[in-house]
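S.K.: For reference, the sequence and a predicted model appear below.
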Amino acid sequence: MPRRMRLSDGNVARLRPEAGEYTVWDTRVAGLGVRVRRAGTGRSSISTAVADPRGAAPLAGRR
């Protein structure tokens, strides 16, 4: 099950590394998350889906 919480400054500061890396998703902003790594570093990530006005499916890795 995905981990979810409000990603405030205080909540992100309290995240601790575990045996493997994990991602915590924000409960207020869809697609916003922070990945916590074993070394204790964190990286933010945004996952979005944008509809193509022409109705075409996007091709992965191509622009």
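M.R.: Now that the structure is in, tell me what you want to look at.

S.K.: Okay, helices next: where are they in the protein?
M.R.: All helices of the chain, identified by DSSP state H, fall at 9-13.

S.K.: ranges for the strands of it?
M.R.: Under the criterion DSSP state E, the chain carries strands at the ranges 3-5, 22-26, 32-36, 42-46.

S.K.: tell me which residues in stretch 14-23 are buried?
M.R.: Residues Leu15, Tyr22 are the ones in stretch 14-23 that count as buried (16 or more other Cβ atoms under 10 Å). Where you see a C-beta, it was placed from the backbone N, CA and C, and this is true even at glycine.

S.K.: Outside of that stretch itself, which residues are in contact with it?
M.R.: Defining contact as Cβ atoms under 8 Å, 6 or more residues apart in numbering, one finds that stretch 14-23 is touched by 2-3, 24, 33-40, 42, 45.

S.K.: at 7 Å instead, please
M.R.: Residues outside stretch 14-23 that contact it (Cβ atoms under 7 Å, 6 or more residues apart in numbering) are Arg3, Val24, Gly33, Val34, Arg35, Val36, Arg37, Arg38, Ala39, Gly40, Gly42.

S.K.: now these: which count as buried?
M.R.: Judged by 16+ other Cβ under 10 Å, buried ones among those: Val24, Gly33, Val34, Val36, Gly42.

S.K.: With distance to Asp9 and pLDDT added, can I get those in a markdown table?
M.R.: A markdown table is the format used below for the buried ones among the contacts of stretch 14-23 (distance: Cβ to Cβ, whole Å; pLDDT from 0 to 100):
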| residue | distance to Asp9 | pLDDT |
| --- | --- | --- |
| Val24 | 14 | 90 |
| Gly33 | 15 | 87 |
| Val34 | 11 | 87 |
| Val36 | 15 | 87 |
| Gly42 | 12 | 66 |
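
S.K.: I'd like those laid out as JSON lines, including distance to Gly10.
M.R.: What follows is the buried ones among the contacts of stretch 14-23, written out as JSON lines (distance: Cβ to Cβ, whole Å):
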{"residue": "Val24", "distance to Gly10": "13"}
{"residue": "Gly33", "distance to Gly10": "17"}
{"residue": "Val34", "distance to Gly10": "13"}
{"residue": "Val36", "distance to Gly10": "15"}
{"residue": "Gly42", "distance to Gly10": "14"}
